[in-house]
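Q: Sequence first, predicted model second:
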Amino acid sequence: MPVYSTSIQLHNADEKDFLLLDRELKSQLFKAEKEGTVKKVKSSIDNFMNARYYREGNLLIQDVIDRVWSAAKKTGKQFSFSVIKKRS
């Protein structure tokens, strides 16, 4: 069964934004790679929160991308993410 890993950045986000993202991803059967691994990063551009999740299942990578995009969009924040299909 394929395993997908995603790294998501919410820009100018606070804790409630991350909690919403976390709830939305978990409703789509994503699991945090490690609980409590959200990192708040300060860069010269802006502040953002970075979180990593994974999802197992017989899904196409586009399905995973669509689910991550939908969850991140619900926060109302700017976001960026990557999705990687792990080798079996």
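A: Arrived safely.

Q: can you map out the strands along this protein?
A: Along the chain, counting by DSSP state E, strands occupy 3-11, 31-32, 39-42, 47-56, 79-86.

Q: Which positions in the last one come out as buried?
A: Counting neighbours by 16 or more other C-beta atoms under 10 Å, one finds that the buried residues in strand 79-86 are Phe79, Phe81, Val83. All C-beta atoms are positioned from the backbone trio N, CA, C, and that covers glycine.

Q: Tell me which residues touch the residue nearest to the first one when sequence neighbours are not counted, please.
A: Which is Phe79. Distance criterion C-beta to C-beta, 6 or more residues apart in numbering; nearest residue to Phe79, sequence neighbours excluded, is Ala72 at 4.1 Å. By C-beta atoms under 8 Å, 6 or more residues apart in numbering, Ala72 lies in contact with Ile8, Leu10, Leu21, Phe79, Phe81.

Q: coming back round to it: can you put the buried residues of strand 79-86 in a markdown table and add distance to Val68 and pLDDT?
A: Converted to a markdown table, the buried residues of strand 79-86 look like this (distance: C-beta to C-beta, whole Å; pLDDT from 0 to 100):
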| residue | distance to Val68 | pLDDT |
| --- | --- | --- |
| Phe79 | 9 | 94 |
| Phe81 | 5 | 96 |
| Val83 | 6 | 97 |
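
Q: ok, back up a step: what's the least confident stretch among the strands of the chain?
A: Mean pLDDT values for these show the minimum at strand 39-42, a mean of 49.

Q: still on that earlier bit, distance to Val64 added to the strands of the chain, as CSV?
A: Below are these laid out as CSV (distance: least, C-beta to C-beta, whole Å):
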stretch, distance to Val64
strand 3-11, 5
strand 31-32, 13
strand 39-42, 22
strand 47-56, 6
strand 79-86, 5
